[in-house]
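J.: Sequence and predicted structure, then a few things I'm wondering about:
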Amino acid sequence: MSDGEEVRVDCHVKVLNDDVVERATRAGLDAIVYAPHFTRLPEIRERAAAYSSDDLLVVPAREVFTGSWRDRKHVLAIGLEEPVPDFIPLEVAMAEFDRQGAAVLAPHPEFATVSLGEPELRTYAETIDAVEIFNPKHLPSHNRRARELCDMLSYPPFASSYAHLPSSVGVAYTAFETSIDSEADLVDALENRVARRVIHDNGPRRIRTTAGELAHLCYENTWKKADRLFLSGIEPTHPGHIAYDGRFDDVALY
């Protein structure tokens with residue numbers, strides 16, 4: 001990165017394929033953070049590496065679903081060395097992130113009962129590195145409240161497309177005033193509170209993206225899908241899965 005340039009990062013996408021890469025590159029992004037639901041870290045890392053190139057860095061991450069299904073809080077961790085499962089208490093997940101030195105982001109604060117709220121943002125101020133102030137799944141009132149929380153609690157901001165659909169990629173991103181050529185560089189930028197700008201489309205494309213993403217959210221959060229995905233106890237990110245070597249058996253909530 002030369003003087004005066006910024007590195008454009010979409011800090012949270014759920015999908016990754018050729019279409020996503022093409023859209024990200026066309027939007028001028030330098031990096032995307034790939035954090036799919038209910039997928040173990042080794043698989044995320046492998047897929048991120050396969051789609052990374054000189055033109056687009058794909059950073060692996062985990063959006064961990066802490067708490068129970070009825071009281072879940074989503075937390076985005078970048079730079080994990082060891083897998084952390086879903087459906088463990090928030091305090092256990094935060095301790096794991098601290099132990100591993102991961103950058104910790106609060107996506108979509110206070111959104112749809114699945115997010116960190118003001119009490120959690122205050123409690124974990126020493127662990128959380130940034131708060132999301134815009135994604136297109138939010139309605140304008142959600143984005144205003146997110147910005148209010150970020151300003152009130154003196155957190156650095158970030159934005160993302162939160163893309164569950166390839167067409168959402170590029171509608172929002174964070175422009176950092178530093179070089180970011182690797183996962184470690186992004187972790188450092190977040191943990192060191194590097195200067196950044198939040199940039200997003202606020203025109204017709206954003207409105208279309210919001211409609212599409214909210215429709216997808218309705219499908220994603222049906223009880224039928226929830227039961228199929230993780231309540232059987234054998235899914236890849238279930239805390240009782242053999243991949244976690246029994247480390248989380250005592251704190252598993254299912």
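T.: Arrived safely, thanks for sending.
J.: Residue ranges in the protein under the pLDDT threshold?
T.: Residue ranges of the chain with pLDDT under 70: 1-4, 202-234.
J.: Where do the strands of it begin and end?
T.: Using DSSP state E, the strands of the chain run over 7-13, 31-34, 57-66, 73-78, 103-106, 130-134, 157-159, 172-176, 196-200.
J.: what about Asp86, distance to Ala106?
T.: 17 Å (CB to CB, to the nearest Å). All C-beta atoms are positioned from the backbone trio N, CA, C, and that covers glycine.
J.: Determine how far the last residue of stretch 127-142 lies from the first.
T.: 23 Å (CA to CA, to the nearest Å).
J.: Buried residues of it, list them for me.
T.: 127-138, 142 (16 or more other CB atoms under 10 Å).
J.: now the helices for the stretch 51-200 of the chain?
T.: Taking DSSP state H, counting those that start in this stretch as the test, the helices found in the stretch 51-200 of the chain are 90-100, 118-123, 140-152, 183-191.
J.: Work out the gap between stretch 21-31 and the centre of the chain.
T.: Relative to its parent chain, stretch 21-31 has a centroid offset of 18 Å by CA atoms, centre = their mean, to the nearest Å.
J.: circling back: winner for burial among the helices of the stretch 51-200 of the chain?
T.: Sort these by mean neighbour count, taking mean count of other CB atoms under 10 Å, and helix 183-191 sits at the top with a mean of 20.
J.: elements contacting that one?
T.: In terms of contacts (3 or more CB pairs under 8 Å, 6 or more residues apart in numbering; DSSP states H and E), helix 183-191 is packed against strand 57-66, strand 73-78, strand 103-106.
J.: for the ones you listed, which one ends up most surrounded?
T.: Of the helices and strands packed on helix 183-191, strand 103-106 is the most buried (mean count of other CB under 10 Å), at a mean of 26.
J.: So what are the sheet partners of that one and their directions?
T.: Strands that pair with strand 103-106, judged by DSSP bridges, come out as strand 73-78 (antiparallel), strand 130-134 (parallel).
J.: now the buried residues of stretch 127-142 in TSV, with distance to Ala27?
T.: Listed next are these as TSV, based on distance: CB to CB, whole Å:
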residue	distance to Ala27
Thr127	31
Ile128	27
Asp129	24
Ala130	21
Val131	23
Glu132	18
Ile133	19
Phe134	15
Asn135	15
Pro136	13
Lys137	18
His138	19
His142	23
